[in-house]
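Undergrad: need a structure here:
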Amino acid sequence: MNNNIFTSFIKIAVLFLLAFFLITACKKQKIDNDSGSVPEEPGVLITNPLCFTAEDSRIAIEMDARFGYDTILYFEYSYDNVVWNRFIPNYTIAVLAHEGDKVYFRGHNPQGLSPNLELYDENNHYLGGGVRFRTNYKETAVSGNIMSLIDTVFRDKPLPKNCFASLFIDTYITSAPELPATKMGDYCYSNMFYGCSRLKTCPDLPATNLSKYCYEHMFFRCSQLASVPTLPATTLAEGCYKLMFTCCSNLRGIKVYFTDWFNGATLYWLDQTAEYGTFYCPWSLPQVFGTNKIPDNWLVEPF
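TA: Predicted coordinates:
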């Protein structure tokens, strides 16, 4: 009889310990993934969250997420920027029935939109970002602060690695949101507007602290892009502008502030842009022409 009581006591103790470790592990996983609801944090709320405005009728906006990201990432959407509801990637669809209708997005994803996972396989093949917007083949204008997707308040911290990689790839957006961050993380804007053939203007790019491949392929094949982008960074990083404006066939000018060519930083960056254009740069930058530097036939305007 005493042996049975002792055995039962041992079983209860073991079950208690298992439950304790399981609860602890679950709590730790939630903290690591930042998968909880939007917390109340001090700071200035972003009053102009990311916004899609329909330029046609019957537009559907979805989010495609790679395996696992649909549960790790947290988003909300609103049709009036007042009442907000949960937006679940691979599940929720926002519909803009009429031209001029709007939908807003925000989220709490302080590790960025591709946390914890790499974007390249073992053969260095690009897999795409953790999450991307997807629209039907109708034009929409995008505005507002892109930072609303990673937090409800904007703090001037370096963007996380891969933060907004491939976010709008191959969509029919005609304008871009505000990109106010001044400190980059590796690959943070890579492929962001890849194939956005309806994009007409380049957003302000105020970042002065660059990182590896932060703008790689950012505007690749944006064939209608015609505004003159300004790149204020004075020092480049490995691959930071690689293929950035390649195949932007209407791009006829760019203004830069760096004073030396960093090997590999501008690989093919202005390849297949307009045949004639203007390159604005500091007097101290060596005027080197070619595929990886200043396009042939472009006029140089030093300042």
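
Undergrad: just the strands in the stretch 101-250 of the chain please.
TA: 102-107, 131-135, 140-143, 230-231 (DSSP state E, counting those that start in this stretch).

Undergrad: isn't residue 139 up against residue 57?
TA: No: in this structure, residue 139 is not within contact of residue 57 by Cβ atoms under 8 Å, at 11.2 Å. For glycine as for every other residue, the C-beta is placed from the backbone atoms N, C-alpha and C.

Undergrad: these two: which is more packed in?
TA: residue 139 (17 against 12; other Cβ atoms under 10 Å).

Undergrad: how close does the more buried one sit to residue 249?
TA: Distance, residue 139 to residue 249, using Cβ to Cβ, to the nearest Å: 19 Å.

Undergrad: show me the shaky parts of the stretch 101-250 of the chain.
TA: Scanning the stretch 101-250 of the chain for pLDDT under 70 picks out the ranges 116-127.

Undergrad: and the end-to-end length of stretch 183-194?
TA: With Cα to Cα, to the nearest Å as the measure, the ends of stretch 183-194 fall 21 Å from one another.

Undergrad: in that stretch, what's buried?
TA: Buried residues in stretch 183-194, counted by 16 or more other Cβ atoms under 10 Å: 184, 185, 186, 187, 188, 189, 190, 191, 192, 193, 194.

Undergrad: measure residue 94 to residue 61 for me?
TA: 4 Å.

Undergrad: all the helices of the stretch 151-300 of the chain, residue numbers only.
TA: Counting by DSSP state H, counting those that start in this stretch, the stretch 151-300 of the chain has no helices at all.

Undergrad: got it, and the stretch 1-150 of the chain?
TA: Remark: helices assigned in the stretch 1-150 of the chain by DSSP H, counting those that start in this stretch are 2-33, 69-72.

Undergrad: mean pLDDT lowest where, among those helices?
TA: Lowest mean pLDDT within the helices of the stretch 1-150 of the chain: helix 2-33, at a mean of 44.

Undergrad: quick check: residue 158 touching residue 184?
TA: Yes: using Cβ under 8 Å as the test, residue 158 is close enough to residue 184 to be in contact (6.6 Å).

Undergrad: what sits in contact with each of those two?
TA: Taking Cβ atoms under 8 Å, 6 or more residues apart in numbering as the contact rule, residue 158 and residue 184 both touch 209, 211.

Undergrad: okay, now residue 100: neighbour count?
TA: By other Cβ under 10 Å, the residues close to residue 100 number 9.

Undergrad: might you report the residue contacts of it?
TA: Listed by Cβ under 8 Å, 6+ apart, the contact partners of residue 100 are 53, 54.

Undergrad: distance check, it against residue 229.
TA: From residue 100 over to residue 229 the distance is 28 Å, taken as Cβ to Cβ.

Undergrad: same deal with residue 215?
TA: 10 Å.

Undergrad: ok, now residue 49?
TA: 24 Å.

Undergrad: which one of these two has more residues nearby?
TA: Taking neighbours as other Cβ under 10 Å, residue 49 and residue 229 compare with residue 49 leading, 24 against 20.

Undergrad: could you give the bridge partners of the more buried one?
TA: With DSSP bridges as the criterion, residue 49 is bridged to residue 145.

Undergrad: wait, doesn't it sit right on residue 84?
TA: No: contact between residue 49 and residue 84 fails when scored by Cβ under 8 Å: they sit 9.4 Å apart.

Undergrad: between those two, what contacts are shared?
TA: Common contact partners of residue 49 and residue 84 (Cβ under 8 Å, 6+ apart): 78, 106.

Undergrad: of all the strands of the stretch 101-250 of the chain, which one is nearest residue 203?
TA: Shortest distance between residue 203 and the strands of the stretch 101-250 of the chain, using Cβ to Cβ, is found for strand 140-143: 9.3 Å.

Undergrad: what packs against that closest one?
TA: Contact analysis of strand 140-143 by 3 or more Cβ pairs under 8 Å, 6 or more residues apart in numbering; DSSP states H and E lists strand 50-54 as its packing neighbours.
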